Every structure is written in C-alpha cells, then in structure tokens.
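> structure for the following, please:
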Amino acid sequence: MLAYEVVVLIVGSTMGILTSYTDMKTGFIFDNHAFPLLGLIEHLKGAEEEEEEELPLPKWVGKVIVPAAEIGILLYLYLGLRNGDILLALSGLIGLIFGFILGMVLYYAGAWASGDVVVLAAFSALLPLPLSYAKVVAPYESTYPLYPLSILFNSILAIFPFLFFYALGILLVRRETEELKAVFTEGFTLTMEVSLWVMAGIGAAILLENHGIVLNPVVKYLLTLVIIAVFGKYRKAGDAVGLAVLGYLLYVGGTDVVYAYGKLFAVLYVFKVFFSVVKVLRRRALVEEVPVEELREWDILGETIYLNGDDVVRDRRDFFEALKDALLSGNLKALSGSQGEVIASPSAEGLSGEQVEKLKELVSEGKLENRFIRKKSMPFAPSIFLGFLISALWGDIFWWLILKTAGL
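Next comes the predicted model:
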C-alpha cells in the first residue's frame, strides 16, 4: 500500500463518516467537514452562518475540521512536483473543479443541495485518479484526472437496489398498477432494438477487422454510438440492418452470439428499469402536494411560480422535462420556463421566509390555487461516500457494465 493512498483513504473515510452522519441526522453538511477554505471564504464575504445550537448534534461535531479538498490538492501537487509531472501536480485541483461541475449539474436539476456538491468536489480532489486497488478503470480515467465520474456513477448505481424497492413499494401501497407495469414494460421493444443496433456496431467492427482495418477501442465505441444515433432516427431500417448483422454474426460465431445478444439485452434492460424507477421517484415518491399553510422556510418546491405580466403562472415540469422541451425546440432559454419575475422555484436551497409569505398572499388574493408540490428531502452524502469507497477499493461500476455490454 502506497503512503499517499493511506492518506486518501483515511481522510476520505473521516470526511465521509462525518458528512453522512450530519446529513442523515439534520439534512445539513458543514463546509469544514469537507472544504474548510470554502466556509472561510463565505464567512469573509459575510455569508450568514447556521446556528449550531439549533441543530440536534453534539457541539463538538460542528467544530471538527477535515480539510479533505485542501489535502487532495496539496497531496497531488507534491506527487506531481516530485515526479516532474505537471498533469499529476494539477490533478487534485482539476478533480475538485470537475467534481464541482458534475455536482452543479445535479444541483440545477434540483436533485442535490449545495452541501452535496461540496462533498462530491472534495472527494474528487482526493481521488482524481484511481488507486492501485481499482481493478476496473476506464482508459481515460487512468490517464486524466476524470475519476470523479466513477465516484458519481458508483454513488448512483450503488443505491439503485434501495431506490428500486422503495419506488416499487410506493406504487404497491398506492395501488398504481399501471405505473408499476410501466416500470417493466415501457420501452421494452426499444431496448430490444437498441440491442440489435449495438450488435450492428460490433458486427461493423468485425467486418472491418476481417478486411485488415483494426480500429482503436475508442473508435469502436464512437462508431457504435454513431450507428445507434442513425438507426434511432430510421428505426425500421436500423432493425432490418441489425437483424441482418445478427444473422451474419450467428453464421460466423454460432450460438455464442445468441448468448452475447441476450447478455447485452439484459444489461440494457436493467438500465431501462433504472431510468423508469428514477422517473417514478421524481413524479411519485419524492414529491407531495400540500396547501400553503404547510409550507415552511427551507422547504423545496417542485414547481416554478412566476409572473407573466399581470398573470401568476406555475410551471410543474421537472428539470428533465424542461431539458427535453428545450432540446426539441432548439431554445435553451426554455429551460427556465419563466418569462418574467420568478416568485419561487425548485432551488435546492429551499424557500425563504419572504417567498412563503408571498405565496400565502397570492393564495389569499385568489391568484393561486392552494395546492403546491413540495419535494421530500433525501440525504445523498452517504451514497456519495459509498461511491468514493467503491471507486477507491474496487473501481468503476459503470465502466464494468459497459465492458459487459460489449461482451468483454
């Protein structure tokens, strides 16, 4: 075990235990448990501090300092300068920035709070590159400080079983049989088609190799993506070509090709179920409809309420629906949905007291129906910590799935 790896594991575990504890206990994450310098900057800028005595935590917990992000930056700076490797020297800083960007995507999607972003960024500074324990690593992650992708995907995939049974439980309790059926059947045909298209990409690579043209693995994946994109637009043609290629592969490779196709379909079907479960969680399990009297400061809305001239408008699309509409219309401004002054929105920081009072005023004036979508909070720090441990001690689950999909 290398000395710097011991430091990464000890610091990361200490940070993970503290942030997971405070997140599960109070829904709050202290900056000084992950990135103390950030908290100091906010203090100097005059940001308001949370009153520690209001939180149901031992007083010493909030005073513990774990400079995980700072240690990561300095650690890789030292290793890089010692080895004369500039990229390695900057890896901690690059990892911090990359992790912050990944976290901000989920922040603006309304899935994460700002504390979750800080946690991912700090873990990314500690683990911008894989450790020697990692058995499965994407080629780009071992060359460039992009391992935060592994931390993020591992954290999501690791809690999938919990999310799966939680979502199914919600649907069973509410007896929403059609929604439950859709989790397993919606998109089934498309999954079979995409499996055929991927096999077409594999077949194309084999044909080229049989003619002496050996493709780089990265080029193979890009070729497959291009084929999927083209066949996705011309589905009938794609299905015909996919079946023809599958027949050719059966002729060349025998019954093993059937097994390979079945395994590919199984992996893609698991992904389909995953996204269906996420859809259920977004629309059924993680939101509730309440009157304005039940709204409190820090509550997170599941809708955007804004002024359009003299009219009060509410937009109940989630981030992914808004993104789909923006891409289809070619107008990225449609992401915000609002055309005027925003009264309240699904900010991960929650409602302010002033916004709650404004909503009550609009309801009393009859300008808004007294029904509001409120998001239920979930602690994500434990899952990010789990993603860090899996990335550090095993590797990249997502890349492993890609390799299995490709039959490797």
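
> name the residues of the helix or strand harbouring Ala260 that are buried.
Using DSSP states H and E, Ala260 sits within helix 256-280. Buried residues in helix 256-280, counted by 16 or more other CB atoms under 10 Å: 257, 260-261, 264-265, 267-269, 272-274, 276-280. All C-beta spots, glycine's among them, are computed from the backbone N, C-alpha and C.

> which parts of the stretch 101-250 of the chain are strands?
Counting by DSSP state E, counting those that start in this stretch, one finds no strands in the stretch 101-250 of the chain.

> what's near enough to touch Lys220?
With contact taken as CB atoms under 8 Å, 6 or more residues apart in numbering, Lys220 is in contact with Gly201, Ala205.

> try it again at 10 Å.
Neighbouring residues of Lys220 by CB atoms under 10 Å, 6 or more residues apart in numbering: Gly201, Ile202, Ala204, Ala205, Leu208, Glu209, Val214, Ala406.

> only whichever of those residues are buried, select them in ChimeraX.
With 16+ other CB under 10 Å as the criterion, this ChimeraX line picks the buried residues out of those:
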select :201,202,204,205,406
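
> including distance to Leu90 and pLDDT, could the contacts of Lys220 go into JSON lines?
As requested, the contacts of Lys220 are exported to JSON lines (distance: CB to CB, whole Å; pLDDT from 0 to 100):
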{"residue": "Gly201", "distance to Leu90": "35", "pLDDT": "80"}
{"residue": "Ile202", "distance to Leu90": "37", "pLDDT": "78"}
{"residue": "Ala204", "distance to Leu90": "38", "pLDDT": "80"}
{"residue": "Ala205", "distance to Leu90": "35", "pLDDT": "78"}
{"residue": "Leu208", "distance to Leu90": "38", "pLDDT": "80"}
{"residue": "Glu209", "distance to Leu90": "38", "pLDDT": "78"}
{"residue": "Val214", "distance to Leu90": "34", "pLDDT": "75"}
{"residue": "Ala406", "distance to Leu90": "32", "pLDDT": "57"}
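
> circling back to that earlier point, and which of the buried residues of helix 256-280 is nearest Lys233?
Distance to Lys233 across the buried residues of helix 256-280 (CB to CB) is lowest for Leu268, with 18.7 Å.

> out of the contacts of Lys220, flag the one nearest to Ala89.
For those, the nearest to Ala89 is Ala406 (34.3 Å; CB to CB).

> show me what the helix or strand just after the helix holding Ala260 is packed up against.
Using DSSP H and E, the helix or strand that follows helix 256-280 in sequence is strand 287-290. Applying 3 or more CB pairs under 10 Å, 6 or more residues apart in numbering; DSSP states H and E, one finds that strand 287-290 contacts strand 372-375.

> which residues in the stretch 201-350 of the chain form helices?
217-233, 235-253, 256-280, 319-329 (DSSP state H, counting those that start in this stretch).

> output the ones you listed as a markdown table; include the columns mean pLDDT and distance to Leu190.
Below are these laid out as a markdown table (pLDDT from 0 to 100; distance: least, CB to CB, whole Å):
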| stretch | mean pLDDT | distance to Leu190 |
| --- | --- | --- |
| helix 217-233 | 77 | 9 |
| helix 235-253 | 84 | 9 |
| helix 256-280 | 79 | 8 |
| helix 319-329 | 58 | 16 |
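
> ok, back up a step: pick the one among the contacts of Lys220 closest to Leu126.
Checking the contacts of Lys220 one by one against Leu126 (CB to CB), the nearest turns out to be Ala406, at 30.3 Å.

> of all the contacts of Lys220, which comes closest to Leu131?
Closest approach between the contacts of Lys220 and Leu131, by CB to CB: Ala406, at 24.9 Å.

> how far does stretch 289-305 stretch from start to finish?
Start-to-end span of stretch 289-305 (CA to CA, to the nearest Å) is 15 Å.

> average pLDDT across it?
Mean per-residue pLDDT for stretch 289-305: 85.

> next one: stretch 169-189
For stretch 169-189, mean pLDDT is 82.

> residues contacting that stretch, please?
Stretch 169-189 is contacted by residues 164, 167-168, 193-194, 235, 239, 265, 268-269, 272-277, 279-281, 283-286 when judged by CB under 10 Å, 6+ apart.

> look up how far Val342 lies from Arg314.
11 Å (CB to CB, to the nearest Å).

> buried residues in stretch 356-372?
Buried residues in stretch 356-372 (16+ other CB under 10 Å): Val356, Lys358, Leu359, Lys360, Leu362, Val363, Leu368, Phe372.
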